[in-house]
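Q: when you get a sec, could you give me coordinates for this:
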Amino acid sequence: MKRSKNTIKVYLGIISLSLTTYSCAPEIDSFESSSGTNADFSKYIAIGNSLTAGFADGGLYLEGQQVAFPNLIAEQLKSVGGGNFNSPFFSEEQRNGSGYLQLKSLTDGQPVMEQVTSNLAYREAGKLTRYTSEIQNYGVPGMRVDLAYVPLFGALNIYFERLLPEAEVGAKSYFDFVTTRNHSFFSFWLGNNDVLGYAMNGAYETPGDPTTTFTSVTDFTNRYGNFINTLTSNQQKGVVATIPDVTAIPFFTTVTTARLKAGVEASSNGVYKEIYISTASGPRVATAEDLFTLSFPTDTLGKASSGIPGYGLIIQNPLHDRFVIDKDEVAEIAGRVNAFNTVIKQLAENKQLAVADAHAYLNKVKTTGISYNGININATFIQGNAFSLDGIHLTPIGNALMANLFIDAINAKYNARVPKVDATKYRGVKYP
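A: Got it, this is the predicted structure:
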């Protein structure tokens, strides 16, 4: 975000702009499509959270919905027996949906964002325009494995509420909503928010806010297992996805200890050189192993807090732990993610389901990056092409590549020949 000259700057290192539309000759698989013999794609449904819905740039809007990875998969499935696949798209007149962030400019290497507020899809304050037609994409931003069984969540989540008839709001759970469909094949990607909500809140469970709960392994195992058992009760096939490592997304890797320290030292003419954080064992100096959230307001550094000067710069006034997950919390969260993924893989093996290993894939995007037809894809905020402006959700090209990850898993498991998406048709972050 833009900072005034009197505040500490944390430079993101955005010094050059890469093209966001691509014209390279695609190198996609050239084999003939075939449905194979092990899966029926005629009635495909997608179950999941914001990633399934096409949420991006901090909001749900039409362009993001259109390039959501299940929509791209469904288009490819048409050549191997796939049927209709409808999504709860916003209308063209209300194309900006809930509103979203766009990049206004880059100033001294700093991104300046602005909120899109025109052509929104609210029928009244806090309630989006309802979608009443039949759908096959059941992606709901904010959905979790635990909250999928809570009927009241339909009244609390605006994205789920818009899909429900008035009489079912607060009365029907997401689990009941999606498992009563007549499907032959499914994609299932839930579980991210059972960890991410807690991590984004600084590894803290806010009383009264179930979206910040750190779901236990036992609860996850039981509820996830019940979901999969129900979806496969008539021997249906499908693909499930693992949960990404939170350290693989720019939301936790962009504002680093090194950048904060450099900004502090430069702005204070060397008076301050360290950042102090709050931890369970008491305040201490931040290290490279501690992760700050992208939402951390860096312009509060050094200000007075609760009557004490030097916020974050002295041990007597450390940074609030809501904006940082310290190294012990990082390890705790990673352990929970690994446990969840073990559950997912075991269930998939038991039910003969395909597994799209998003955890391994996004770790590769972060550590080495990947190259697709000469396009570099990595986890660098804004210029890395993979992640949108919220640092969590995917860009259009990120969605296209995620669709291909799912397709690879489907083809490998079911001896299918689903053609891959030509990701060169899709953009990364949209520059001004």
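Q: in the stretch 51-200 of the chain, which spans are helices?
A: For the stretch 51-200 of the chain, the helices defined by DSSP state H, counting those that start in this stretch cover 62-66, 69-77, 153-156, 158-161, 174-178, 193-200.
Q: switch these over to a markdown table; also include mean pLDDT and mean neighbour count.
A: Every C-beta, even on glycine, is put in place using the N, C-alpha and C of the backbone. Formatted as a markdown table, the helices of the stretch 51-200 of the chain follow (pLDDT from 0 to 100; neighbours: other C-beta atoms under 10 Å):
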| stretch | mean pLDDT | mean neighbour count |
| --- | --- | --- |
| helix 62-66 | 99 | 19 |
| helix 69-77 | 99 | 24 |
| helix 153-156 | 98 | 19 |
| helix 158-161 | 99 | 20 |
| helix 174-178 | 98 | 21 |
| helix 193-200 | 98 | 24 |
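Q: so for stretch 109-118, what gets flagged as buried?
A: 111, 113, 116 (16 or more other C-beta atoms under 10 Å).
Q: one step back: any chance of the helices of the stretch 51-200 of the chain in TSV, with distance to residue 357 too?
A: Shown next, in TSV, are the helices of the stretch 51-200 of the chain (distance: least, C-beta to C-beta, whole Å):
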stretch	distance to residue 357
helix 62-66	24
helix 69-77	14
helix 153-156	28
helix 158-161	27
helix 174-178	23
helix 193-200	16
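Q: which of the ones you listed sits closest to residue 392?
A: helix 193-200 (7.5 Å; C-beta to C-beta).
Q: how distant is the closest one from the center of its chain?
A: 11 Å (C-alpha atoms, centre = their mean, to the nearest Å).
Q: so which elements touch that helix?
A: Under the contact definition 3 or more C-beta pairs under 8 Å, 6 or more residues apart in numbering; DSSP states H and E, helix 193-200 sits against helix 327-351.
Q: so residue 323 touches residue 293, yeah?
A: Yes. Taking contacts as C-beta atoms under 8 Å, residue 323 lies within contact range of residue 293: 5.2 Å.
Q: now for these two: what residues contact both?
A: Counting by C-beta atoms under 8 Å, 6 or more residues apart in numbering, the residues touching both residue 323 and residue 293 are residue 202.
Q: more neighbours, the two?
A: Neighbours per residue, other C-beta atoms under 10 Å: of residue 323 and residue 293, the larger number sits with residue 323, 22 against 19.
Q: what residues are up against that one?
A: 202, 292, 293, 295, 296, 297.
Q: residue contacts, the third one?
A: Spelled out, it's residue 293. 200, 202, 251, 252, 255, 323, 324, 325.
Q: among the residues you listed, which lie within helices?
A: residue 200 (DSSP state H).
Q: same list (the contacts of residue 293) but as JSON lines, adding distance to residue 233.
A: Formatted as JSON lines, the contacts of residue 293 follow (distance: C-beta to C-beta, whole Å):
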{"residue": "200", "distance to residue 233": "34"}
{"residue": "202", "distance to residue 233": "40"}
{"residue": "251", "distance to residue 233": "37"}
{"residue": "252", "distance to residue 233": "38"}
{"residue": "255", "distance to residue 233": "46"}
{"residue": "323", "distance to residue 233": "44"}
{"residue": "324", "distance to residue 233": "44"}
{"residue": "325", "distance to residue 233": "39"}
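Q: which of the contacts of residue 293 tops the neighbour count?
A: residue 325 leads the contacts of residue 293 on contacts (other C-beta under 10 Å) with 28 neighbours.
Q: state the distance from it to residue 161.
A: 31 Å (C-beta to C-beta, to the nearest Å).
Q: where exactly do the strands run in the stretch 251-400 of the chain?
A: For the stretch 251-400 of the chain, the strands defined by DSSP state E, counting those that start in this stretch occupy 276-277, 284-285, 291-292, 324-325, 354-356, 370-372, 375-377.
Q: oh, that last question was meant for the stretch 1-150 of the chain, not what I typed.
A: Using DSSP E, counting those that start in this stretch, strands in the stretch 1-150 of the chain cover 44-48, 100-107, 110-116, 122-124, 127-128, 137-139.
Q: in JSON lines: the ones you listed, plus mean pLDDT.
A: What follows is those, written out as JSON lines (pLDDT from 0 to 100):
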{"stretch": "strand 44-48", "mean pLDDT": "99"}
{"stretch": "strand 100-107", "mean pLDDT": "94"}
{"stretch": "strand 110-116", "mean pLDDT": "94"}
{"stretch": "strand 122-124", "mean pLDDT": "97"}
{"stretch": "strand 127-128", "mean pLDDT": "98"}
{"stretch": "strand 137-139", "mean pLDDT": "99"}
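Q: let's have those strands in JSON lines, adding distance to residue 184.
A: JSON lines is the format used below for those (distance: least, C-beta to C-beta, whole Å):
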{"stretch": "strand 44-48", "distance to residue 184": "7"}
{"stretch": "strand 100-107", "distance to residue 184": "34"}
{"stretch": "strand 110-116", "distance to residue 184": "38"}
{"stretch": "strand 122-124", "distance to residue 184": "34"}
{"stretch": "strand 127-128", "distance to residue 184": "30"}
{"stretch": "strand 137-139", "distance to residue 184": "15"}
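Q: what's the closest of these to residue 260?
A: That would be, of those and by C-beta to C-beta, strand 110-116, which comes in at 14.2 Å.
Q: direction included, what does the closest one pair up with?
A: Applying DSSP bridges, strand 110-116 is found paired with strand 100-107 (antiparallel).
Q: list the buried residues of the strand it pairs with.
A: Quick answer for strand 100-107 (16+ other C-beta under 10 Å): 100, 101, 102, 103, 106.
Q: on that earlier part again, can I get the contacts of residue 323 in JSON lines including distance to residue 366 and pLDDT?
A: Converted to JSON lines, these look like this (distance: C-beta to C-beta, whole Å; pLDDT from 0 to 100):
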{"residue": "202", "distance to residue 366": "21", "pLDDT": "96"}
{"residue": "292", "distance to residue 366": "16", "pLDDT": "98"}
{"residue": "293", "distance to residue 366": "17", "pLDDT": "97"}
{"residue": "295", "distance to residue 366": "19", "pLDDT": "94"}
{"residue": "296", "distance to residue 366": "20", "pLDDT": "94"}
{"residue": "297", "distance to residue 366": "25", "pLDDT": "93"}
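Q: let me know the closest of the residues you listed to residue 120.
A: Of the contacts of residue 323, the one sitting nearest to residue 120 (C-beta to C-beta) turns out to be residue 295, at 22.2 Å.
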